[in-house]
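Visitor: Model the structure of this input:
(4 chains)
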Number of protein chains: 2
Amino acid sequence: MKKENVTIYDIAKESNVSPATVSRVLTGNAKVRPKTMQRIIDVIEKHNFRPNSLARSLLHKSSKTIGFILPDINHPFFSTLVQKGEAYALELGYTTFLCNTMNNSENESKYLQSLVEKQVDGIIYLGGRINATDTDEQYAEEIKKVMERVPVVFVNGQMTGVDAHIVRTNEEIGIEKLVELLVNLNHKKIGFLGGVEGISSTDLKKNTFLNVMKNKGLVVNSDWMIGDGFNIESGEEVASKLLYLKERPTAVICANDLVAIGVIRVLTKFGLKVPDDISVVGFDDIYLAQYFPPGITTVNQNYDQLGQTAINVLVDLINGKEAEKETVVPTSLILRDSCKFYTK
Amino acid sequence: MKKENVTIYDIAKESNVSPATVSRVLTGNAKVRPKTMQRIIDVIEKHNFRPNSLARSLLHKSSKTIGFILPDINHPFFSTLVQKGEAYALELGYTTFLCNTMNNSENESKYLQSLVEKQVDGIIYLGGRINATDTDEQYAEEIKKVMERVPVVFVNGQMTGVDAHIVRTNEEIGIEKLVELLVNLNHKKIGFLGGVEGISSTDLKKNTFLNVMKNKGLVVNSDWMIGDGFNIESGEEVASKLLYLKERPTAVICANDLVAIGVIRVLTKFGLKVPDDISVVGFDDIYLAQYFPPGITTVNQNYDQLGQTAINVLVDLINGKEAEKETVVPTSLILRDSCKFYTK
DNA sequence: ATAGGAAATGAAACCGATTTCACCCAATTG
DNA sequence: CAATTGGGTGAAATCGGTTTCATTTCCTAT
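Guide: Alright, predicted model coming up:
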């Protein structure tokens, strides 16, 4: 089916030694007489031989491979996180399978199966959700079964009923900082736009938002918490709804920076100046947040730390070590020019 | 080293059959008596058994796996392309290894080695370069050795001395369209900004640009072809240089949309209006091009077609079929609001 | 020169699946 | 009723490495 490969047996024969000795040269696990070793190395290089890691993994029961499951690599939040995680994993000797689910349960199942069959040593699951639908519940069962075999670390997300290790940004504090910033800027009517009901990070942000507002004694009109989605289009959509309100918020917090961009676009298009007429803040601090005019005030997710910690926890689990059940990564407020003191 | 897994032998024993029969159930390659089959299936489900694909791949010499080598998943051009390619590969039953080289030769070598050892069935190489340095030349040798074992398809890039299958966007026609657009808009002084010398796609664009300009009888001042890089920062940098010129171009073509965004930002910051004072066009039609004000006129790369064709060619090669040596994917001009008729 | 011990090497089992080949048993046919 | 046919099943080889254990080779000390 495929062209014949050079194997360790071929190398052994041509070097007049046994496969065992060649293996010793390859792994460095035992001493080989220098003269013999050189002879073997020469033959290896002559044929440009590379050991078949499938065979090795089969024996060792470890593939030095981890899988990343994520909704969409094309979203800057995920691509940045994956890039950091992958780079760090490589340093630790792991290569990574990429699994873009596109939020499709069928794809997710397919990928989970495949990762198990491919004997990945561990799985990083980015952006989980709280059960909202029946298929989610069924999917949670699937994940649980996988977790019996393979360690899984959730990043910025979780699923109800799934007791997993999690590494996450401190979204509560992030939201708190944003609200405080806006309140200090004299805003009293603050909204929250975008996100998706049932996605754990959205739910967490919304709940935190409501709590903090309540503690400040501020009322949140239900018209001010709308929108459904994580991209620019959904930001545009929700902003158009905002325009029709008889009483508009003077500032809005967006579920993420892309939503903020969409919101700013539509508001600007309809003659409202950001930040002069309305303040808009985002979340994530994606690469673009600093470049999109007027420069988006946002909460920075520490991608490096998030990625590395997730890998570290996963590798600890792989090696049978104990690991923190939940690691919370701090955030920082990034002040730019999309919000302003409210003078009424 | 790892917790014991259920194997086909365990299933066989518990079902009172031989492993061969279990295998027949798993693969569906031969008939098994319905009663026996049901018994086996029950045992499989009871233990939630999944066959070890390493063992299977070892035997079949085919891992149903392909590797993506690319500079940086965080760049929207690549993330989109990878997402399309990966989705299509999944449809065809392949999972994908992600290899972000970050333009680091050491990483590239590490990854190439690893992909060969992991017995990938094929490799998609995104964004190649023409040899410019000694390390590149050495790297080209490495790629060639890999290609003796594993089929490789280059997308939008190539390496001198490497005779490979390639799938690429018709960048020549794309550039031609842009130049013609600008010329029709009465521009005579046109520049080309950004890109990296030695990267094949940049070299191709620049050469095409010069040729087309020459054919139109237009002169390109060497000051108008500057810049080094593919991101927003490099666009900002090159735009600042542009400001100092005594004679500025009235329109510029940027190596890609990110560069265009950087250019627009700096020009705007220094009081030049785009497109009123200067026209700016990009390339790629990334997700953001339509949203970044004033909306960037650009050349659309057909990501779906590019990704699918690349995978199709690769799969053909994997299956020992003949495949087009070079496939050129057409482009389309996307008109937005970053360029305008020049009235002098 | 030779015994003794250390160092280097080889034979064979093993990882977990698939597949060929041979065999068995039941059903069909002369 | 014996012979033929064929569907269903099992034994064993195989993929390409690693590792244990036994054996051989080498070196050193007497």
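
Visitor: Name the residues of whatever helix or strand residue A:178 lives in that are buried.
Guide: Element membership for residue A:178, per DSSP states H and E: helix A:171-184. Residues of helix A:171-184 classed as buried by neighbour count (16 or more other CB atoms under 10 Å in any protein chain shown): A:171-179, A:181-183. For the C-beta atoms, the positions are set from N, CA and C on the backbone; glycine is no exception.

Visitor: and of those residues, the nearest to DNA strand C?
Guide: residue A:171 (40.5 Å; CB to the nearest atom of the strand).

Visitor: Residue B:35 versus that closest one, what's the distance?
Guide: Distance, residue A:171 to residue B:35, using CB to CB, to the nearest Å: 55 Å.

Visitor: neighbours around residue A:289, how many?
Guide: Using other CB atoms under 10 Å in any protein chain shown, residue A:289 has 26 other residues around it.

Visitor: do the same with residue A:211
Guide: Residue A:211: 14 neighbours (other CB under 10 Å).

Visitor: Tell me which other helices or strands the helix or strand in which it is found touches.
Guide: Under the criterion of DSSP H and E, residue A:211 resides in helix A:200-215. Packing partners of helix A:200-215 (3 or more CB pairs under 8 Å, 6 or more residues apart in numbering or on different chains; DSSP states H and E): helix A:171-184, strand A:190-193.

Visitor: Who's the closest spatial neighbour of whichever residue of the stretch 101-250 of chain A sits closest to DNA strand C, skipping the chain neighbours?
Guide: Nearest residue of the stretch 101-250 of chain A to DNA strand C (CB to the nearest atom of the strand) works out as residue A:117 at 8.1 Å. Leaving out its chain neighbours, the residue that sits closest to residue A:117 by CB to CB, 6 or more residues apart in numbering or on different chains is residue B:53, at 4.2 Å.

Visitor: And for residue A:26?
Guide: residue A:51 (5.6 Å).

Visitor: Using the three-state scheme, assign the one you found.
Guide: coil (DSSP: H, G, I helix; E, B strand; the rest coil).

Visitor: Quick one: neighbours of it, just the number.
Guide: Neighbours of residue A:51 (other CB under 10 Å): 17.

Visitor: likewise residue A:90?
Guide: So residue A:90, with other CB under 10 Å, has 20 neighbours.

Visitor: Can you read off the pLDDT for it?
Guide: Note on residue A:90: pLDDT of 97.

Visitor: And it, which helix or strand is it part of?
Guide: helix A:76-91.

Visitor: Report the strands that pair with the very next helix or strand once past that helix, each with its relative direction.
Guide: Moving toward the C-terminus from helix A:76-91, the next helix or strand (DSSP H and E) is strand A:95-100. In the sheet, strand A:95-100 lines up against strand A:65-70 (parallel), strand B:95-100 (antiparallel) (DSSP bridges).

Visitor: looking at these, which is closest to residue B:293?
Guide: Taking CB to CB, strand A:65-70 is the member of the strands paired with strand A:95-100 nearest to residue B:293, at 29.6 Å.

Visitor: The lowest-mean-pLDDT helix or strand in chain A close to DNA strand C?
Guide: None of the helices or strands of chain A scores lower by mean pLDDT, DSSP states H and E than helix A:134-149, at a mean of 88. No. For helix A:134-149, no contact with DNA strand C is found by CB under 7 Å from any atom of the strand; the gap never falls below 11.7 Å.

Visitor: Which residues of chain A lie near DNA strand C?
Guide: Counting by CB under 7 Å from any atom of the strand, chain A sits next to DNA strand C at A:16-21, A:24, A:30-33, A:36-37, A:55, A:58-59, A:61.

Visitor: Which residue is the nearest non-sequential neighbour of residue A:55?
Guide: Using CB to CB, 6+ apart, the nearest residue to residue A:55 is residue B:58, at 5.7 Å.

Visitor: Below-threshold pLDDT in chain A: ranges please.
Guide: Applying pLDDT under 70 to chain A flags the ranges A:1-3.

Visitor: near DNA strand D, which residues of it?
Guide: A:4-9, A:19-20, A:22-24, A:26-27, A:29-30, A:49, A:51-52, A:55-56, A:58-60.

Visitor: and if we set it to 6 Å?
Guide: Residues of chain A that fall close to DNA strand D, judged by CB under 6 Å from any atom of the strand: A:5, A:7-8, A:19-20, A:23-24, A:26-27, A:29, A:51-52, A:55-56, A:58-59.

Visitor: Now intersect those with the strands, please.
Guide: Using DSSP state E, the subset of those located in strands is empty.

Visitor: Residue of the stretch 201-344 of chain A closest to DNA strand C, please.
Guide: For the stretch 201-344 of chain A, CB to the nearest atom of the strand, closest residue to DNA strand C: residue A:318, 16.6 Å.

Visitor: That residue - how many residues pack around it?
Guide: 21.

Visitor: Can you tell me how far it is from chain B?
Guide: Separation of residue A:318 from chain B (CB to the nearest CB, to the nearest Å): 8 Å.

Visitor: Quick one: list the elements packing against the least confident helix or strand of chain A.
Guide: helix A:105-117.

Visitor: Now the helix or strand just after the helix it packs on - C-alpha only, PDB.
Guide: Going down the chain from helix A:105-117, the next helix or strand is strand A:122-126, by DSSP H and E. The C-alpha trace of strand A:122-126 is given here as PDB (Å, rounded to 0.1, in the frame of the first residue of the first chain):
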ATOM      1  CA  GLY A 122      -3.800  14.100  27.000                       C
ATOM      2  CA  ILE A 123      -6.400  16.500  25.700                       C
ATOM      3  CA  ILE A 124      -6.700  20.300  26.100                       C
ATOM      4  CA  TYR A 125     -10.300  21.400  25.800                       C
ATOM      5  CA  LEU A 126     -10.800  25.100  25.000                       C
END
